[in-house]
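Trainee: Sequence first, predicted model second:
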Amino acid sequence: MSNSDVPLNKVFVRIYCKIFCDQFPDEGFTQGKEARGNEIYEFLTRELCYANDPDTEDTIPGDYALWYLGSNEKFGILQAGDLVSEWSFGESCWDRVFVFLHLLHTKGIFTEEQFSHLIDLVAEGSEAFDDMYQIPAYLKAKHSGQKWVKKQTDTKEAMKKMIRSVKVMFTKNGWQVLSK
């Protein structure tokens, strides 16, 4: 790709989701920053190396940052310019990630090749899992050539139920719970 093929447009973006004990990478995206497509693309396609084989604890390569945005059980935010998409506990989804990428592409932020690769990663993730805790098993099956069948889990619903019960407990103890 020549330099003339690389978009020079910049956009203010925020990209964040809470995974594990707040291990999603930052690189300035948590608070938001002006960035070009190459920087955003590199961030989203970065392998986070959080997928570990449960039998050996060896890292299984291929767990892209992008996948955690569509499958985490906690909360997060995707912002491109004035468009802000936030989610709460148990509400992450692949559609939100797709819309974010499409918006950036329509603003001329990504090359066609970058956009196509990102959409392929969203498609792969959404067809394989909705729960980030399935990523290691999926990658293990993928790398060993085994057939993978998407599994339904209750991780997100369990998180929503836990948050509801905490709110009820606070309310019963006289606290006022404010929500957005």
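Mentor: All right, it came through fine.
Trainee: State the distance from Leu8 to Phe20.
Mentor: Going from Leu8 to Phe20 by CB to CB, to the nearest Å gives 36 Å. Glycine gets a C-beta too; all of them are placed from N, C-alpha and C.
Trainee: ok now stretch 97-110, how far from the chain's centre?
Mentor: 15 Å (CA atoms, centre = their mean, to the nearest Å).
Trainee: Could I get the phi/psi values of the nearest residue to Leu44 once chain neighbours are set aside?
Mentor: Excluding the flanking residues, the one nearest Leu44 by CB to CB, 6 or more residues apart in numbering is Leu66, at 4.4 Å. For Leu66, the backbone dihedrals (degrees, to the nearest 10) come out as phi -50, psi -40.
Trainee: so Leu66 sits right up against Asp120, yeah?
Mentor: No. The pair Leu66 / Asp120 is not scored as a contact, 10.4 Å apart, by CB atoms under 8 Å.
Trainee: Against Ser85, how distant is the residue nearest to Leu44?
Mentor: In terms of CB to CB, Leu66 sits 14 Å off from Ser85.
Trainee: does the residue nearest to the spatial centre of the chain count as helix, strand or coil?
Mentor: Residue closest to the average C-alpha location in the chain (CA atoms, centre = their mean): Leu69, at 1.1 Å. Secondary structure state of Leu69, per DSSP: H, G, I helix; E, B strand; the rest coil, is helix.
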